[in-house]
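Peer 1: Structure of the sequence below:
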Amino acid sequence: MATEAKRTPARPLHCMEIWGGNQAVEEAVTTPGLDIWVYSRPHEHAVAGGDVYYTSLCGGGSITRLILADVAGHGAAVADIAKSLRALMRSNINRKDQGRLVKSLNREFAALAQMNRFATAVVATYKTKGDTFTVSNAGHPRPLWFQAASGRWSVLAQDAADAQELADLPLGIVPEMDYSRVEVTLGPDDLILFYTDALTEAEDPAGRMLGEDGLLRLVSRLDATAPAAVPAAIVAALAEYRGGPPPDDDLTVVLLHHNSGPSRPPAFREKLAVYAKVFGLKSV
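Peer 2: You can find the predicted model right below:
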């Protein structure tokens with residue numbers, strides 16, 4: 001049964017909350033320092049697909065974490081993987097460093113890789129202290145970074161070519177691999193764009209693939225000062241590029257806007273909920 005993406009107004013994530021899944025959605029959430037828009041449309045308008053996305057906020061309200069994974073396949077198998085990824089997000093929700101989460105993801109997919117089932121993923125962590133933003137990439141399309149101070153989009157990537165080669169390996173290929181990371185400092189009104197390969201692999205009527213450079217040109221024509229409109233504008237521009245045919249894969253766009261907001265200490269009732277989650281009295 002065809003399903004339209006669900007659109008709801010922006011809402012703040014609560015401390016110790018994890019939001020996401022692999023269903024069709026068009027939703028906005030906010031965390032201290034970030035506004036986050038997620039547009040996800042499974043192939044052929046299915047209820048759920050192989051693109052898995054999660055966002056979490058730590059118990060102190062100062063660490064936002066995001067994962068976007070592109071898992072081969074659809075249906076119940078991907079649903080089980082989505083649950084496993086959520087469990088990993090939960091067990092790492094209060095960790096400042098994302099290294100353990102990335103290693104756990106790699107081990108999770110090692111068995112699947114032996115069955116020729118692969119996944120790419122990007123993991124990111126934003127900390128309000130210092131406005132630091134850290135990204136680890138496991139074979140996923142490279143995120144794009146709009147720096148408001150210069151008004152320019154660029155690829156957010158490693159400077160060293162050998163490090164980028166390591167980052168290009170999908171999850172589960174090399175057991176116990178240490179994935180490299182990129183760390184930047186976000187400025188006011190900077191944007192970070194995460195996406196799945198349905199964007200870069202989109203083809204025009206002549207069969208020309210958009211590619212990473214084409215996507216950079218596409219987003220550079222959009223109004224970055226109105227970030228709430230950017231995800232829908234990207235989807236519309238892709239449809240125009242394809243010349244009519246729908247995407248032949250799951251399509252997901254995740255846009256982060258750095259609003260430079262301070263960390264938000266949890267209110268009294270929220271503190272009680274956080275303690276309940278920490279001690280297992282309430283599910284995360």
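Peer 1: Tell me who's in contact with the residue nearest to Ala119 when sequence neighbours are not counted.
Peer 2: Once flanking residues are discounted, Ala119 sits nearest to Val71: 4.4 Å by Cβ to Cβ, 6 or more residues apart in numbering. Bear in mind the C-beta positions are built from the backbone N, C-alpha and C, glycine included. When contacts are counted by Cβ atoms under 8 Å, 6 or more residues apart in numbering, Val71 touches Asn22, Gly50, Asp51, Val52, Val78, Ile81, Arg117, Ala119.
Peer 1: now swap in Pro42 and tell me
Peer 2: So Pro42 contacts Thr3, Asn22, Gln23, Ala24, Ala48, Gly49, Gly50, Asp51, His74, Asp250 (Cβ under 8 Å, 6+ apart).
Peer 1: Model confidence at the first one, what's the number?
Peer 2: For Thr3, the model assigns a pLDDT of 46.
Peer 1: Same question for Tyr241.
Peer 2: At Tyr241, pLDDT is 96.
Peer 1: give me the element it is part of.
Peer 2: Taking DSSP states H and E as the definition, one finds Tyr241 inside helix 230-242.
Peer 1: Over to Ala124?
Peer 2: strand 119-127.
Peer 1: Same question for Arg107.
Peer 2: With DSSP H and E as criterion, Arg107 is part of helix 99-114.
Peer 1: Quick one: the helices in this structure, in order.
Peer 2: Assigned by DSSP state H, the helices in the chain fall at 76-91, 99-114, 161-167, 211-220, 230-242, 268-278.
Peer 1: could I get those as JSON lines with mean neighbour count and distance to Val135?
Peer 2: As requested, these are exported to JSON lines (neighbours: other Cβ atoms under 10 Å; distance: least, Cβ to Cβ, whole Å):
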{"stretch": "helix 76-91", "mean neighbour count": "17", "distance to Val135": "16"}
{"stretch": "helix 99-114", "mean neighbour count": "18", "distance to Val135": "10"}
{"stretch": "helix 161-167", "mean neighbour count": "14", "distance to Val135": "9"}
{"stretch": "helix 211-220", "mean neighbour count": "16", "distance to Val135": "15"}
{"stretch": "helix 230-242", "mean neighbour count": "17", "distance to Val135": "19"}
{"stretch": "helix 268-278", "mean neighbour count": "15", "distance to Val135": "27"}
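Peer 1: Among the contacts of Val71, show me the least confident.
Peer 2: Within the contacts of Val71, pLDDT is lowest for Arg117, at 72.
Peer 1: any idea how far the closest residue to that residue other than its chain neighbours is from Val174?
Peer 2: Counting by Cβ to Cβ, 6+ apart, Arg117 lies nearest to Ala72, which is 5.2 Å off, once chain neighbours are set aside. The gap separating Ala72 from Val174 is 18 Å, by Cβ to Cβ, to the nearest Å.
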